[in-house]
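Trainee: Quick check, what structure comes out for this input:
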Amino acid sequence: MRATVVCASNRAAAGVYEDTTGPVIVETLATLGFTVTGPVVVPDGEPVGEAVRRAVADGVDVVLTTGGTGLTPTDRTPEVTRALLDREVPGIAEAIRAYGVGHGVPTAALSRGLAGISGRTLVVNLPGSRGGVKDALAVLAPMLQHAVEQIAGSDH
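Mentor: Here you go, the predicted structure:
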């Protein structure tokens, strides 16, 4: 199984600070048996779409993005992601938000992250905070392999 991690951060892409969420995702995916590319750090908006399109074209099984899912005017990751999806898988994003809220983080409900399938690749938007990423990975870890198998046409 192959995965790519894309970090949407205007400031990290500009070198203002170092991304700290991407490495957490890479480490978790590696422990789940994925061969991981990234984190690819790009400004939010269309550069995220370009990075996701490249990963899908490269045939990776999973693309996890981090950042750009909030309410600020520059948070554009869900919009560029939606344009790339063939089918949405809303239950994944709903479960991530519910997990955060259920674990005492009411602001988790403000995440606009999406999940869906582009070609044969599962794409999931994760929040941009380390806590949000860890919560999202707790939700994703038990289901990622099964989702990859289902997208590839495996039986239930």
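
Trainee: okay, CA-based contacts and neighbour counts for the rest of this
Mentor: Noted.

Trainee: which stretches of the protein have low pLDDT?
Mentor: Applying pLDDT under 70 to the chain flags the ranges 156.

Trainee: What ranges does it have for its strands?
Mentor: Applying DSSP state E to the chain gives strands spanning 2-8, 35-42, 62-66, 87-88, 115-118, 121-126.

Trainee: and the fourth one, how far out from the chain's middle?
Mentor: Just to be clear, that refers to strand 87-88. 14 Å (CA atoms, centre = their mean, to the nearest Å).

Trainee: Repeat that for stretch 63-74.
Mentor: Worked out by CA atoms, centre = their mean, stretch 63-74 lies 9 Å from the chain centre.

Trainee: just use 264 as the starting number from now, easier for me
Mentor: Sounds good: first residue 264 from here, last item stretch 326-337.

Trainee: Can you check the distance spanned by that stretch, start to finish?
Mentor: 21 Å (CA to CA, to the nearest Å).

Trainee: Check which residues of that stretch are buried.
Mentor: By 16 or more other CA atoms under 10 Å, the buried positions in stretch 326-337 come out as 326-333.

Trainee: again with stretch 305-320
Mentor: For stretch 305-320, the neighbour count (16+ other CA under 10 Å) marks 305-312, 314-316, 318-319 as buried.
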